[in-house]
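K.L.:
Below are the sequence and a predicted model for it; my questions follow.
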Amino acid sequence: MAPPMLQLQGVAKRFTLHRQNSLELPVFDDVDLSVSAGECVVLDGASGLGKSTLLKLVYANYRASAGRITVQSPAGPIDVTQATPREMVSLRRDTIGYVSQFLRVIPRVPALDVVAEPLAEDAGDDPAAIEAAREEARRWLARLRIPERLWHLPPATFSGGEQQRINIARNMIKPKPLLLLDEPTASLDAANTDTVISLIREATARGAATVGIFHDAEVGAAVATRRVDVGAFRSSRP
Ligand SMILES: Nc1ncnc2c1ncn2[C@@H]1O[C@H](COP(=O)(O)OP(=O)(O)OP(=O)(O)O)[C@@H](O)[C@H]1O
């Protein structure tokens, strides 16, 4: 049997608040979680329990205090808690997609290129491949109902929901085997929320392993193949 796409073993996370006399803020002390290809695991738990922190540990935005986080890359398993910066760049480029609530705006780059970039990066100097990347970006922009008049403008001035849709398109346009979704529908209307539900289901159907956070219970119910209560991983507070 194939190993899980993502496996957390004995993962602990404490924040050290250096400005508060190095106060320790424990979040998790023992996370064990495996996610296989074709699963969409939805994280449940009240605000502040550590859902976003868990995704950031997997994406190596935060460093785990203990434990192992194994991701299957094309080159074999990689423990992201020990990965070199170069391994992390390659994991993020080819293996792990991460959709956060907010778009990190790249100054002056038009929306179409922001979305096409992950595919264009792989196209090298091949003009046909670059055009194919831009064509795919147009398809995503249209599907996510971004008006065509905005495609050639930088997203800095776009509305919250427009920026969120650009973020989704940019981070899902290149099919990756592991997807981390942190409230991807938080600022979206009903029609676009439905589109994002379809996109997530399509990713699951093609075999992506997904871990998602959705405050909208209906969205979580629509995409989940399994639910995990993050409260079970909590450190007992002093
Ligand atoms: N960079 C950080 N430094 C210090 N504490 C942090 C940091 N990031 C998160 N925390 C703390 O870790 C805990 C979990 O936060 P997290 O954002 O993961 O919760 P969440 O379950 O995603 O909450 P919500 O549903 O409100 O988004 C909180 O107590 C938060 O204050």
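P.N.:
Perfect, I can see it now.
K.L.:
could you pull out the strands for this protein?
P.N.:
Applying DSSP state E to the chain gives strands spanning 6-17, 23-35, 40-44, 66-73, 76-79, 96-99, 178-182, 209-213, 226-229.
K.L.:
Let me know the average pLDDT across the last one.
P.N.:
The predicted model gives strand 226-229 an average pLDDT of 96.
K.L.:
quick revisit: make CSV out of the strands of the chain and add mean neighbour count.
P.N.:
In short, each C-beta sits where N, CA and C put it, glycine included. As requested, the strands of the chain are exported to CSV (neighbours: other Cβ atoms under 10 Å):
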stretch, mean neighbour count
strand 6-17, 18
strand 23-35, 17
strand 40-44, 21
strand 66-73, 19
strand 76-79, 13
strand 96-99, 22
strand 178-182, 24
strand 209-213, 24
strand 226-229, 13
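K.L.:
residues in contact with the residue most central in space within the chain?
P.N.:
For the chain, the residue sitting closest to the mean C-alpha position, by Cα atoms, centre = their mean, is residue 98 at 2.0 Å. By Cβ atoms under 8 Å, 6 or more residues apart in numbering, residue 98 lies in contact with 55, 59, 92, 171, 179, 180, 182.
K.L.:
where does residue 236 land on pLDDT?
P.N.:
Residue 236 carries a pLDDT value of 64.
K.L.:
Share the number of residues neighbouring residue 142, please.
P.N.:
Neighbours of residue 142 under the rule other Cβ atoms under 10 Å: 12.
K.L.:
Excluding residues flanking it in the chain, which one is nearest it?
P.N.:
residue 148 (7.8 Å; Cβ to Cβ, 6 or more residues apart in numbering).
K.L.:
nearest residue to residue 23 other than its sequence neighbours?
P.N.:
Per Cβ to Cβ, 6+ apart, closest to residue 23 is residue 17, 4.5 Å.
K.L.:
Now do the contacts for that neighbour.
P.N.:
With contact taken as Cβ under 8 Å, 6+ apart, residue 17 is in contact with 23, 24, 25.
K.L.:
Tabulate those residues (JSON lines), appending distance to the ligand and pLDDT.
P.N.:
Conversion of the contacts of residue 17 to JSON lines gives the following (distance: Cβ to the nearest ligand atom, whole Å; pLDDT from 0 to 100):
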{"residue": "23", "distance to the ligand": "10", "pLDDT": "88"}
{"residue": "24", "distance to the ligand": "10", "pLDDT": "87"}
{"residue": "25", "distance to the ligand": "5", "pLDDT": "90"}
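K.L.:
Need the max-distance pair from the contacts of residue 98.
P.N.:
The distance between the two most remote of the contacts of residue 98 (Cβ to Cβ) is 14.9 Å, for 92 and 182.
K.L.:
returning to that earlier point: can you redo the strands of the chain as TSV with distance to residue 197?
P.N.:
TSV is the format used below for the strands of the chain (distance: least, Cβ to Cβ, whole Å):
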stretch	distance to residue 197
strand 6-17	22
strand 23-35	19
strand 40-44	11
strand 66-73	25
strand 76-79	30
strand 96-99	13
strand 178-182	11
strand 209-213	11
strand 226-229	16
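K.L.:
I appreciate the help and will end here.
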